[in-house]
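**Q** The following comprises the amino acid sequence and a computationally predicted model.
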Amino acid sequence: MNNTISHKEAAQAVKQINDVQADINRHSAKEYMPWVGWGLFTMLLYPPFDYFDQNKWSIIVGVVAIVGAILTDRYIRTRQSKVKREKKTSPLVWVIYMLLILMGNVFAFTAHSQFAYAWTITGLAIGLPTILYGLWLKSQN
C-alpha cells in the first residue's frame, strides 16, 4: 500500500484548503465594521446637539441608534460562520466603550450650557478612538 501523494496532488490539496479559508474569511463578519460604524455615529450625530433643539435631535439620534443596533446585530448574525474564528476584542473593551459613552454624555449634557461645543468635542472624543480601534482591528487581519 502506497500512502505517498505526488507534489501536484499536495499542491491541489493546499489550494483547496486556501480557497475554503478565503471563502470563510470573505463571508464572515468583519470585527472592525461595528467599531467604525459606531465611531462614525458619534462623530456625526453628536455635534448637531450643539446647534439644534436637543429634544428634537435626541429623537433622531435615538431612532438612528435603534436602527444601528438592529443592523449591527443583523450583520453579525447573518455572517456568523460555523467555523469558530478568533475574536480580537475582549468584552472589557466593550464595557470601556460603553462607560466612555456614558461619561461623555454626562459631560456634554452638563457642560453644554457653559461650553458651546461640548457635544462636538464629546462626539470627536468618543468617535475618533472608536474608529481608530476599528482600523487597528482591520490591520490585524
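**A** Nice, I can see it. Residues are numbered from 1 along each chain as shown.
**Q** For the rest of this, base every contact and every neighbour count on C-alpha atoms.
**A** OK.
**Q** And the strands in this protein?
**A** Using DSSP state E, the chain contains no strands.
**Q** so where's it shaky on pLDDT?
**A** Where the chain drops to pLDDT under 70, the residues are 1-2, 25, 27-29, 79-88, 141.
**Q** List the buried residues of the longest helix belonging to it.
**A** Counting by DSSP state H, the longest helix found in the chain is helix 54-78. Residues of helix 54-78 classed as buried under the neighbour-count rule (16 or more other C-alpha atoms under 10 Å) are 57-58, 61, 65, 68, 72, 75-76.
**Q** how about JSON lines for those, with distance to residue 102 added?
**A** Rendered in JSON lines, the data for the buried residues of helix 54-78 read as follows (distance: C-alpha to C-alpha, whole Å):
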{"residue": "57", "distance to residue 102": "18"}
{"residue": "58", "distance to residue 102": "15"}
{"residue": "61", "distance to residue 102": "15"}
{"residue": "65", "distance to residue 102": "14"}
{"residue": "68", "distance to residue 102": "18"}
{"residue": "72", "distance to residue 102": "20"}
{"residue": "75", "distance to residue 102": "25"}
{"residue": "76", "distance to residue 102": "24"}
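**Q** Tell me the one among those residues nearest to residue 106.
**A** For the buried residues of helix 54-78, the residue nearest residue 106 by C-alpha to C-alpha is residue 58; the value is 14.2 Å.
**Q** Now do the closest one against residue 8, distance only.
**A** 63 Å (C-alpha to C-alpha, to the nearest Å).
**Q** before we move on, what about residue 64?
**A** Taking C-alpha to C-alpha as the measure, residue 64 falls 54 Å from residue 8.
**Q** With residue 106 instead?
**A** The gap separating residue 106 from residue 8 is 64 Å, by C-alpha to C-alpha.
**Q** tell me the contacts of residue 35?
**A** Going by C-alpha atoms under 8 Å, 6 or more residues apart in numbering, residue 35 touches 130-131, 133-134.
**Q** Tell me which of the residues you listed fall in helices.
**A** Cross-referencing the contacts of residue 35 against helices under DSSP H gives 130-131, 133-134.
**Q** Let me have those in TSV, adding neighbour count and distance to residue 97 as columns.
**A** Below are these laid out as TSV (neighbours: other C-alpha atoms under 10 Å; distance: C-alpha to C-alpha, whole Å):
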residue	neighbour count	distance to residue 97
130	23	8
131	22	12
133	17	11
134	22	12
